[in-house]
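Asker: From the sequence below, what's the structure:
(one chain, ligands or ions: 2)
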Amino acid sequence: MLKDALVVEAKKISPPVECVAGLEARGFLFGPLISLELNVPFVPIRKKGKLPGNLLSVCYSKEYGQDVLEVQENAIKPGKRVLLVDDLLATGGSLLASYHLVKKAGAQVAASLVIIELEPLKGRDTLPTDVISLIKL
Ligand SMILES: O=P(O)(O)OC[C@H]1O[C@H](OP(=O)(O)OP(=O)(O)O)[C@H](O)[C@@H]1O
Ligand SMILES: Nc1ncnc2[nH]cnc12
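Answerer: Ligands and ions are numbered 1, 2, ... in the order given. Okay, here's the model as predicted:
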């Protein structure tokens with residue numbers, strides 16, 4: 001099962017993950033399943049204009065234009081080891097912006113975990129994090 005494969009990878013990470021952050025939209029399908037298995041909090045990283053309260057924001061580029069990702073200011077606790085989760089790694093713009101959000105929160109990225117990696121786009125090379133992908137295309 002896809003969830004089991006993701007959880008196996010997440011549990012291999014050492015030191016252990018302390019928080020899972022999922023990227024809108026499809027990171028919301030898998031991130032919460034992983035966080036429940038790891039018994040750690042889930043934090044949503046959302047597209048601009050969707051979250052209330054004080055926010056951290058990062059502007060980023062993707063294959064087809066620019067966008068902004070946001071997270072609530074106090075959602076990620078300083079010093080925590082955060083696992084970024086998304087469905088797909090293409091250029092890496094979304095995960096790189098999410099990495100910067102985690103750093104702005106004073107936390108660290110333990111790894112980026114995706115289901116599919118589009119290898120020709122070399123997104124992995126743009127990321128300062130470990131990248132774990134289940135399927136490479
Ligand atoms: O590595 P990148 O080049 O950043 O591309 C990967 C991102 O693109 C897709 O989402 P998209 O931003 O299209 O939005 P969506 O989740 O709302 O469909 C995909 O779900 C990833 O989040
Ligand atoms: N090249 C791509 N193919 C499918 N979905 C994507 N999302 C972002 N880039 C994509």
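
Asker: Could you look up the SS state of residue 79?
Answerer: Here residue 79 is recorded as coil under DSSP: H, G, I helix; E, B strand; the rest coil.

Asker: so it sits right up against residue 105, yeah?
Answerer: No. Checked against Cβ atoms under 8 Å, the pair residue 79 and residue 105 is beyond contact range at 9.7 Å. Quick note: C-beta positions are derived from backbone N, CA and C, even for glycine.

Asker: Between those two, tell me which one has more neighbours.
Answerer: More neighbours surround residue 105 than the other of residue 79 and residue 105, with 23 against 10 (other Cβ atoms under 10 Å).

Asker: and the more buried one, backbone torsions?
Answerer: Phi and psi for residue 105, reported as degrees, to the nearest 10, are phi -80, psi 0.

Asker: what's the spacing between the residue lying closest to it once chain neighbours are set aside and residue 5?
Answerer: Leaving aside its chain neighbours, residue 105 sits nearest to residue 76 (3.9 Å; criterion: Cβ to Cβ, 6 or more residues apart in numbering). Distance, residue 76 to residue 5, by Cβ to Cβ, to the nearest Å: 25 Å.

Asker: Now for residue 54: which residues touch it?
Answerer: Residues counted as contacts of residue 54 (Cβ atoms under 8 Å, 6 or more residues apart in numbering) are 72, 73, 74.

Asker: So which of those residues belong to strands?
Answerer: Judged by DSSP state E, strands contain the following of those: residue 72.

Asker: ok, and the most crowded of the contacts of residue 54?
Answerer: Using other Cβ under 10 Å as the neighbour test, the contacts of residue 54 are led by residue 72, with 17 neighbours.

Asker: Would you enumerate the residues in contact with that one?
Answerer: 43, 51, 52, 53, 54, 55, 56.

Asker: do the same with residue 99
Answerer: 84, 109, 112, 127, 128, 129.

Asker: now for the residues you listed, which pair is the farthest apart?
Answerer: Within the contacts of residue 99, 84 and 128 form the most distant pair, 11.6 Å apart (Cβ to Cβ).
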